[in-house]
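K.L.:
Dropping the sequence and predicted coords here.
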Amino acid sequence: MAFDDWRSKLAKAVRTVKDSTGEMYTTAKINIDLGKEQEHLNKLYYEIGKKVHEIYQYGGSLGKFFDEKYLEIKEVEERIEELQKKIEEIKKVRVCTECGKEIEKGAKFCPKCGASMSNIPEKEAVVQSSEKPIEIEKNDASKPQKETKICPTCQSENKIEDKFCLSCGRALF
C-alpha cells in the first residue's frame, strides 16, 4: 500500500511539473510575441515621427498641434546640443558626429569609426592651438606603462582600444 501511495504522489508531481513547464513555455512564447509586436509598434511610431519631422524641416505644416510639438523638439535639440558642448569643454573632448564616441580635441579622426573630424568650428581650433603642450614624463620603472598602438603609417601613438588612428585615420590592427 505504501508503494502505491508513493507512486501516486510521484505521478502527481510529474503532472504538476509537466503542466508548469507547459505554462512557462506558453507564457515565454507569448511574451516574445508581445515584445515583437511592441517593437513593431515603436518602429511605426518612429517612422511616423521621422516623416513628420522631415515635413517640418522642408517648411511643411500639419496643423497647430504638430507646429507646437515641432518647435518644442527644436528647443530640446538646441538644449541638448548646448549641454553636449559644455560636457565636451569640461572634459576637453569632442563627440564624434557619426558614432557618438568621445574623442580627444586634437584628434583628426575618430578612433572608433574612422570618421574625419575636419568639421571642427574655428573657435575650437583656436582653443586647441592655445592649449599647453603635454609634458612627456620619462619612463619610470615604478609606474605601470599604458599599452598603446603605434600607427604604421604616421607613427602616432593611439590607445590600445582605438580601431583607427587619431592623426591619419588609418585602420589599426
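P.N.:
It's in. Numbers count the residues shown, from 1 in each chain.

K.L.:
Which helix or strand in this protein has the lowest average pLDDT?
P.N.:
helix 122-130 (a mean of 34; mean pLDDT, DSSP states H and E).

K.L.:
Who are the packing partners of the helix or strand just after that helix?
P.N.:
Downstream of helix 122-130, the first helix or strand assigned by DSSP states H and E is strand 148-150. In terms of contacts (3 or more CB pairs under 8 Å, 6 or more residues apart in numbering; DSSP states H and E), strand 148-150 is packed against strand 157-159. Every residue, glycine included, has its C-beta placed from N, CA and C.

K.L.:
Output the contacting helices and strands for the strand it packs on.
P.N.:
Strand 157-159 is packed against strand 148-150, with contacts defined by 3+ CB pairs under 8 Å, 6+ apart.

K.L.:
Just the buried residues of the strand it packs on, please?
P.N.:
By 16 or more other CB atoms under 10 Å, the buried positions in strand 148-150 come out as residue 149.

K.L.:
ok now that strand, how far from the chain's centre?
P.N.:
When C-alpha coordinates are averaged (CA atoms, centre = their mean, to the nearest Å), strand 148-150 and its chain have centres 25 Å apart.

K.L.:
what sits up against it?
P.N.:
Strand 148-150 has contacts (CB atoms under 8 Å, 6 or more residues apart in numbering) with 156, 157, 158, 159, 160, 162, 172.

K.L.:
for the record, mean pLDDT for that strand?
P.N.:
The pLDDT scores in strand 148-150 average 87.

K.L.:
With stretch 44-55 instead?
P.N.:
For stretch 44-55, mean pLDDT is 89.

K.L.:
Can you list the low-confidence ranges for this structure?
P.N.:
Under the criterion pLDDT under 70, the flagged ranges of the chain are 1, 20, 23, 119-146.

K.L.:
where along it do the helices fall?
P.N.:
Per DSSP state H, the chain carries helices over the ranges 2-57, 64-91, 122-130.

K.L.:
so can I have TSV of these showing distance to residue 116 and mean neighbour count?
P.N.:
Conversion of the helices of the chain to TSV gives the following (distance: least, CB to CB, whole Å; neighbours: other CB atoms under 10 Å):
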stretch	distance to residue 116	mean neighbour count
helix 2-57	25	10
helix 64-91	17	12
helix 122-130	14	10
